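S.K.: dropping the sequence and predicted coords here.
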Amino acid sequence: MSIPDYQTIMYPLLKLLKKEDEKSVRQLYEEVANHFNLSDSEREEKLESQTQPIINNRVGWAKTYLVKAGLAKSTKRGFVQITPKGLEVLNSNIDKIDIKFLNQFPEFVAFRSISKDESSDDNEVVLKETIQATPDELIDFGIKKI
């Protein structure tokens, strides 16, 4: 199996948060990797920049987007917890969370509009083509392109 993109990780991540009051992000790296049955080599595969494993980066971005939508919250440094809104989403019988789904939440739209205001039309085309990539992966792609 290949490493799932951050949008694919969002729903399982929220389900994992439902099981406890709060979880450490480090614990979530392992649990998400286990959920997707990633091999040891997939778990160790690093970003082009070699700064961190790809799966950890994608879990981190999935968590960030869930927090920005109000479905989860950071309780203290390195820990996250599901919110009542997140529980409502899980109880609504959905089976997927992605950017399109998160756009129904005003706080997420506000978060996303900050970076969109700074984008040019040319950048929008590139972003649409690489929507599955995390921001860190986009930076690596840009550096490689240069």
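M.R.: Cool, got the structure.

S.K.: what are the ranges of the helices in the chain?
M.R.: When assigned using DSSP state H, the helices of the chain occupy the ranges 6-18, 25-35, 40-44, 54-68, 84-90, 99-102, 106-117, 121-129, 135-145.

S.K.: figure out which of those helices is closest to Arg77.
M.R.: helix 25-35 (9.3 Å; CB to CB). For every residue, glycine as well, the C-beta is placed using N, CA and C.

S.K.: the bottom helix or strand of this structure by mean pLDDT?
M.R.: Least confident helix or strand of the chain, by mean pLDDT, DSSP states H and E, is helix 121-129 with a mean of 47.

S.K.: okay, the residue nearest the centre of the chain: pLDDT?
M.R.: Nearest to the mean C-alpha position of the chain, by CA atoms, centre = their mean, lies Ala62 at 1.3 Å. At Ala62, the predicted lDDT confidence score is 96.

S.K.: that one against Ile9, yeah?
M.R.: Yes. At 4.1 Å, Ala62 counts as touching Ile9 under the criterion of CB atoms under 8 Å.

S.K.: where does the prediction get shaky in this structure?
M.R.: 1, 115-132, 138, 141, 144-146 (pLDDT under 70).

S.K.: kindly recompute the last result at 50.
M.R.: 119-130 (pLDDT under 50).

S.K.: any idea how far Pro106 is from the closest residue to Lys63 other than its chain neighbours?
M.R.: Nearest in space to Lys63, with sequence neighbours left out and distances taken as CB to CB, 6 or more residues apart in numbering, is Val80 at 5.7 Å. As judged by CB to CB, to the nearest Å, Val80 and Pro106 stand 21 Å apart.

S.K.: of these two, who's got more company?
M.R.: More crowded of Val80 and Pro106, by other CB atoms under 10 Å: Val80, with 23 against 10.

S.K.: my guess is the more buried one meets Leu71, correct?
M.R.: No. Assessed by CB under 8 Å, Val80 is found out of contact with Leu71, at 10.3 Å.
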